[in-house]
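**Student:** sequence unavailable; structure follows:
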């Protein structure tokens, strides 16, 4: 599942247990929020990355969503 409204809704409902961030060193400009619906009412905590995968000009970070 990608970010945007559907991803943000699923995250807020507690339906997502892992988030993968692909970090690429490029500046795109003003950009758009990854989860389009604005900040959640309560913070969503992520654990430390469970995986860090180094690639060619990209770093993949795998985070587990902390259980409250």
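**Tutor:** Yep, that arrived. Worth saying up front: this structure is predicted, and the values here are computed from it rather than measured.
**Student:** buried residues, the strand ranked longest in the chain. List them.
**Tutor:** Using DSSP state E, we find that the single longest strand of the chain is strand 46-54. Residues residue 49 are the ones in strand 46-54 that count as buried (16 or more other Cβ atoms under 10 Å). Where C-beta positions appear, they are placed from N, C-alpha and C, glycine not excepted.
**Student:** and for the residue most central in space within the chain, nearest residue in space, chain neighbours not counted?
**Tutor:** With distances taken as Cα atoms, centre = their mean, the residue of the chain nearest its centroid is residue 19 (4.7 Å). Leaving aside its sequence neighbours, residue 19 sits nearest to residue 63 (Cβ to Cβ, 6 or more residues apart in numbering; 4.8 Å).
**Student:** one more: residue 64?
**Tutor:** Per Cβ to Cβ, 6+ apart, closest to residue 64 is residue 47, 4.6 Å.
**Student:** adjacent strands (with direction) for the host helix or strand of the residue nearest to residue 19?
**Tutor:** According to DSSP states H and E, residue 63 maps onto strand 59-65. Here strand 59-65 is paired, per DSSP bridges, with strand 18-23 (antiparallel), strand 46-54 (antiparallel).
**Student:** just the buried positions in it, please.
**Tutor:** 61, 63, 65.
**Student:** circling back to that earlier point, quick one: contacts of the longest strand of the chain?
**Tutor:** 18-19, 59-66 (Cβ atoms under 8 Å, 6 or more residues apart in numbering).
**Student:** again, only this time at 7 Å
**Tutor:** For strand 46-54, contacts defined as Cβ atoms under 7 Å, 6 or more residues apart in numbering pick out 19, 59-66.
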